[in-house]
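A.B. asks: Just the structure for this:
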Amino acid sequence: MNIINCDVAFRGKSISTGEWVYGVPVSNSRKTCIVRLNDSDELTSIQVIPETIGRFTELYDKKGNGICVGDILFYRNIYRNMFLQVKWINYFGMFTAENNKIPEVILLSNINRKVEIIGNIHDNPEWLENV
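C.D. replies: Presented below is the predicted three-dimensional model:
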């Protein structure tokens, strides 16, 4: 995954191509875009589906893939196998990995190198019944 190098990076799904683009979100009342540097070091703006915007957590899974809000993770520990959804909890200022079927909230930074990204809530909505 090609995550841009800035203080806060996001991803969003392009309206025109359906591909994920990475950069900084900008919006007005008419459209939402991701702004990024292209290969020629020029700023480009790509219109995205607003609901798909997810912040990069600055954490990586066990395969080295950057984890974003909205990703679905597979976590295997000695007690059980779990599917988890990455969320941002604004009140606490932290990224979590949650499963609605268990009462605990897991701090993503405690498990990120033990999980694997298996999809996200936008491309793989069928996984939501597991989280």
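A.B. asks: who's in contact with stretch 92-108?
C.D. replies: With contact meaning CB atoms under 8 Å, 6 or more residues apart in numbering, stretch 92-108 is reached by 57, 59, 67, 69, 73, 75, 82-89, 109, 111, 115, 130-131. For glycine as for every other residue, the C-beta is placed from the backbone atoms N, C-alpha and C.
A.B. asks: Check which residues of it are buried.
C.D. replies: Across stretch 92-108, burial judged by 16 or more other CB atoms under 10 Å covers 95-99, 106, 108.
A.B. asks: of all those residues, which two lie farthest apart?
C.D. replies: The span of the buried residues of stretch 92-108, defined through CB to CB, is set by 95 and 99 at 14.8 Å.
A.B. asks: same for the helix or strand containing residue 21, what does it pack against?
C.D. replies: For residue 21, the host element (DSSP states H and E) is strand 20-27. Judged by 3 or more CB pairs under 8 Å, 6 or more residues apart in numbering; DSSP states H and E, strand 20-27 is in contact with strand 10-13, strand 32-37, strand 43-47.
A.B. asks: and that strand, which strands flank it?
C.D. replies: strand 10-13 (antiparallel), strand 32-37 (antiparallel) (DSSP bridges).
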